[in-house]
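1. next one to model:
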Amino acid sequence: IVTSIKKASLLRVARSKRDARDKFVKGFQLPTVNLPQNLLDEILNSDVTNLKRLLDARRVTSEQLTLIFLQRSATIGLDLELITEVPFEEALSQARECDRIRATKYANKPVSDSEGLFFGVPISIKDLFEMKGFEVNYGCGALCNQPKPEDGYVIRLLRNEGAILFVRSNVPQVAFSFESWNKVFGKAQNPWNRSRTTGG
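-> Below is the predicted model of the structure:
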């Protein structure tokens, strides 16, 4: 009986965590990004190298890139249970700061590598890495609501390289499988065929 009560309690914690994420994402007002469809398509099909090229060529701003990927997270990411925690405000603030630096310090020249290899590029991060203010619950209710006081090593490296960490993505429970499924954030679904695994 004690085990059943504890299990039910952890499931409630997990459900409330997911509900809080859903409420935040659905209530977050994202400005519209008005870009030509061909440029939007290019962005959504780009690797990091091309995103940097687009930024260096001033064809797009870090804020626009971040908003595009936040919009995808808030729609497709939420619908397919691909996302966990969402540092949207922090990401937008950092993107605007990158744009300010690019416009003032590097007005007519490429951004120096001293700003970081990923300067101004939005990057998602698996929900396994310690990030200040966010938890690493490995998809376990027992580890919910315990935010980390500091960034872990990987997050520090990415921040030092100028990456904009815009969303944390779903993981296998206790990182012990090839399929991202857990009782906190659900089962990540394949966008082409929901009956198949996403493969990670």
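2. let's check: the centremost residue of the chain is which one?
-> residue 167 (1.3 Å; Cα atoms, centre = their mean).
3. immediately after the helix or strand where that residue lies, which helix or strand?
-> Assigned by DSSP states H and E, residue 167 belongs to strand 164-169. Going down the chain from strand 164-169, the next helix or strand is strand 181-182, by DSSP H and E.
4. still on that earlier bit, any idea how far the strand holding residue 167 is from the chain center?
-> Here strand 164-169 is found 2 Å from its chain centre; the criterion is Cα atoms, centre = their mean, to the nearest Å.
5. which other helices and strands contact it?
-> helix 62-72, helix 88-104, strand 122-126, helix 153-160 (3 or more Cβ pairs under 8 Å, 6 or more residues apart in numbering; DSSP states H and E). Using the backbone N, CA and C atoms, a C-beta is placed for each residue, glycine as well.
6. repeat that with 7 Å
-> Contacts defined by 3 or more Cβ pairs under 7 Å, 6 or more residues apart in numbering; DSSP states H and E place strand 164-169 against helix 62-72, helix 88-104, strand 122-126.
7. of these, flag the one that's most buried.
-> By mean neighbour count, with neighbours taken as mean count of other Cβ atoms under 10 Å, helix 62-72 ranks first of those at a mean of 22.
8. list of residues touching it?
-> 30-31, 33, 35, 43, 51, 55, 88, 91-92, 95-96, 98-99, 120, 122, 164, 166 (Cβ atoms under 7 Å, 6 or more residues apart in numbering).
9. same deal with stretch 121-140?
-> 48, 51-52, 65-66, 69, 84-85, 87, 91, 143-152, 154-155, 158, 163-171, 173-175, 182-185.
10. equivalent analysis for stretch 81-96, please.
-> With Cβ under 7 Å, 6+ apart, stretch 81-96 has contacts from 21, 24-25, 28, 62-63, 66, 70, 73, 77, 120, 122, 127, 134, 164-170, 185-189.
11. in ChimeraX, how would I select just the buried ones from those residues?
-> Burial among these is assessed by 16 or more other Cβ atoms under 10 Å; the matching ChimeraX selection reads:
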select :21,25,62,63,66,70,73,77,120,122,127,134,164,165,166,167,168,169,170,185,186,187,188,189
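12. and residue 33, how far from residue 87?
-> As for residue 33, its distance to residue 87 is 19 Å (criterion: Cβ to Cβ, to the nearest Å).
13. any low-confidence regions in the chain?
-> Along the chain, the parts satisfying pLDDT under 70 run over 1-2, 200.
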